[in-house]
Every structure is written in structure tokens, then in C-alpha cells.
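> sequence-free structure coming up:
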């Protein structure tokens, strides 16, 4: 699935409903919520924090997908093309950080 | 660009360097950082918080792409296929929330 | 209760246990978790996002206190005096932002 | 300084200005911003992420104090007494987690 197909799939889903996309500040709060759930899951799997017994086992892949969903909602509501944004970001990262890390010896 | 191509592009970039992917807790902190930058940008564009004069104009699309980058790093480092995760999440959302919102009248 | 008493109360509680304070990156993840819970509660009370039926009613005051707890843990683990930090921050805010907002007419 | 004095100091500062407190969703975004800055600082001090050369050295104590400021703004704007909330939270933590960790041998 491409970024554009994913954006279209979310738009088709959200577009069915009268409520439409949430305002940007609401989506920031949703994103904070989803990042919090991912943080909880990562702490559970990789950190010292024990889950409470009543908490169900979680899944990093589902938490990452939930974050993707909110990112796509924000992009769609602002007419942002994530394909283009991703390309620009990668161009920025690969030029800016070209000397930031140690290249593997060949 | 597909999710798989994006994951491969990030993997090719990160794979050049000895440091490789960050541990999951470090990536959670990076994600918090990027979400914070998005929150700042959204507050600037849509909220009452005035940016300080010395702050450069930002871009929601770049902040969203930065979040995508960290999400992809976390997925790659855990061998998570975002294409599959996205599909599962959409199936969950569309069944769980089918009656949560008001459908548009036809 | 003063900041110092609160820091001492948390230290007395944590100090009973062999695990002691979490490392800073773990506490960042916990903080992200607690901020996510606050965000969910705020969205529920002030935004358009309906809680799922099975979710219990929440409380902003408890979510804010949970954030305080993590902030105090991080401060304690780094020997940071929040009383002093708060004083410095207020001095910074009141000088930096003295002309940022509109003073009420007298 | 007590929680109540800190809440009063912030209220006196904010109360001078026509804008008053931000709405809760705006404060959630500000909190995400401040948590992001703390996360960046923690990653810089304790993680593998190198700061860019142009970034000034930071301070965990100032980032924690900035978080306190937003927490107090949210509490004040909702008439929440943090002293009371902190007491209730500590009572909850110390009863709920009494057997969660390993007590030190005497």
C-alpha cells in the first residue's frame, strides 16, 4: 500500500461521517494519546515498568499503526501529501546528517 | 511510494552507519520530541500561542514527515511490517467504530 | 505541601524499594504515557472525541497529579531541587514574556 | 514554596493579561511541546542522539520547571487544587503499588 492509497483509504472512511476530521489541536491531543500508549507498550517490553495484572498484552505494531492513522488524519485535513513530505524529509535527513554518524567500513 | 519502499529507504540510510537503529526507549523519546515540534507548530498556526520572534516559520508537513521517520525506524528495528499493521488497524477501526459517528445522509 | 516536602514524600516511598528510581529515558516514556492519559481526558471533556462506552470516567486532577509524580521522580533521581528550578523558570517567564501579552487596562 | 503558593504565583502572573489561561486543548499541546524538549534534553544527556552543533546546552531542571508551569496553568484554569490532587495520588500509589516492587531487606 502506498502513502497515497493509505491517505485515500482514511479519507474514504472519515468522509462517510458528518463529523469529518477533527480540528488540528484535537488531533495533537489524540497523537499524544497514541504516543502514550506506544510508550507504555515499549516500557512494558523493554523497560523495568511492570504492567498491572489486569492490563492486556499489547502490540507495538498496533500502536505504531494507530499513530500512522492520526498522522494521516492530520495530513488529510490539511491537504498535505505525505508522499511528497516524506521525500523532502528524507532529502533533508540524508544531506543534513551525512556526517553525523560513523559509516561502516567496507 | 509504498510503506514497504519507505521502510526500505530508511533501512538503507540507517544501515550505512555503525550506530544502526536506536533502542526502543530512545526512539520513544525521539517521537516525543517530534510530536512536541508538531504541537508547537499546530499551536502557532491554530492556537493563541504566539511564536517568539526569533523562531523560524515551521511546516506541519515537515513535522508530520519527521514523525513518520521515527515510526518507520521503530518498525524497522522491530521487524514490523507497517503495511500489514496499517491493514489490521484499519480493519479494527472500521469495525469497532462503525456506529460511533453519524453517517451522512444520502 | 511544599515542593520540597513533595519531593521528600516521593523519595521516602521510592527509597523503600530495591528498584529505586527508573533511568531517565524510562521516565520520559512514563511521562509520555501520563501526558497521553491527560490528553485523552481533556479530549473527552473538551473535544469532540467520544470515549468508548467501556472507559471509566476520568479526572483531570488525577492525571495532573500523575504527571507531577513522574516530574518529581525525574527531579529526585537527578538531584534537582524543583523549588529552585521553579523560581528560576518564573523569573525567566516574567522577564521574557513581559511584553508578549496584553496587560489588562486598570 | 508550596503548591498553593506556586499556583498563586502563576495566577498572579497570568491574571495580569487579557488573554488569561489558554483553553485545555491548547495547554495539552503546550505540554506535549515541553515534554518534547525534556525528551530531547534527556536523549542528549543519556542517549546516543547527538545534538546538532548549533543547539545550545540544555538543562533538565529548566525543562522540568517548564512542565510544572503548564501543569499549574491547567490546574488553575480548571480550579484544581494540586495539593489535594497530589495527596490523593500518593494515597493511590502507595496502596495500589504496595506489593509491586521489592522492599529492601532491613
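Here it is on my side, so go on. Just so you know, these numbers come straight off a predicted model, no measurement behind them.
> lowest average confidence, helix or strand, in chain A?
When the helices and strands of chain A are compared on mean pLDDT, DSSP states H and E, helix A:82-96 comes out lowest with a mean of 94.
> can you list the buried residues in that helix?
A:82-83, A:85-87, A:89-90, A:93 (16 or more other C-beta atoms under 10 Å in any protein chain shown). From N, CA and C alone the C-beta is placed, and that goes for glycine too.
> so where's the longest helix in chain A?
In chain A, with assignment by DSSP state H, the single longest helix is helix A:24-46.
> residues of that one that come out buried?
Here helix A:24-46 shows A:24-44, A:46 as buried, counting by 16+ other C-beta under 10 Å.
> just those that are near chain C?
The subset of the buried residues of helix A:24-46 within reach of chain C, by C-beta under 8 Å from any C-beta of the partner chain, is A:26, A:29-30, A:32-37, A:39-40, A:42-43.
> just put those residues in TSV and tack on pLDDT.
Output for those, formatted as TSV (pLDDT from 0 to 100):
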residue	pLDDT
A:26	97
A:29	98
A:30	98
A:32	98
A:33	98
A:34	98
A:35	98
A:36	98
A:37	97
A:39	98
A:40	96
A:42	96
A:43	95
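> max pairwise distance over those residues: which two?
A:26 and A:43 (25.9 Å; C-beta to C-beta).
> ok, the closest residue to chain C within chain A - contacts?
Closest to chain C within chain A is residue A:36: 1.8 Å, counting by C-beta to the nearest C-beta. Listed by C-beta atoms under 8 Å, 6 or more residues apart in numbering or on different chains, the contact set of residue A:36 reads C:32-37, C:39-40.
> out of these, which is nearest to residue D:77?
Distances from residue D:77 to the contacts of residue A:36, taken by C-beta to C-beta, are shortest for residue C:39, at 15.6 Å.
> test my guess that the closest one contacts residue D:28.
Yes. Judged on C-beta atoms under 8 Å, residue C:39 makes contact with residue D:28 at a distance of 4.9 Å.
> give me the common contacts of those two.
Jointly contacting residue C:39 and residue D:28 under the rule C-beta under 8 Å, 6+ apart are A:29, A:32.
> what's the neighbour count on residue A:68?
Residue A:68: 26 surrounding residues under other C-beta atoms under 10 Å in any protein chain shown.
> state the distance from the nearest residue to it once chain neighbours are set aside to residue B:29.
On the basis of C-beta to C-beta, 6 or more residues apart in numbering or on different chains, the spatially nearest residue to residue A:68 that is not a chain neighbour turns out to be residue B:86, at 5.9 Å. Separation of residue B:86 from residue B:29 (C-beta to C-beta, to the nearest Å): 24 Å.
> who in chain A is up against chain C?
A:19, A:22, A:26, A:29-30, A:32-37, A:39-40, A:42-43, A:47-49.
> does stretch A:93-106 reach chain B?
Yes. Residues of stretch A:93-106 are located near chain B by C-beta under 8 Å from any C-beta, namely A:93-94, A:101-104.
> other residues contacting that stretch?
B:13, B:16-19, B:69, D:50.
> rerun at 6 Å
Stretch A:93-106 is contacted from outside by B:13, B:16-19, using C-beta atoms under 6 Å, 6 or more residues apart in numbering or on different chains.
> can you mark which positions in it are buried?
Residues of stretch A:93-106 classed as buried by neighbour count (16+ other C-beta under 10 Å): A:93, A:101.
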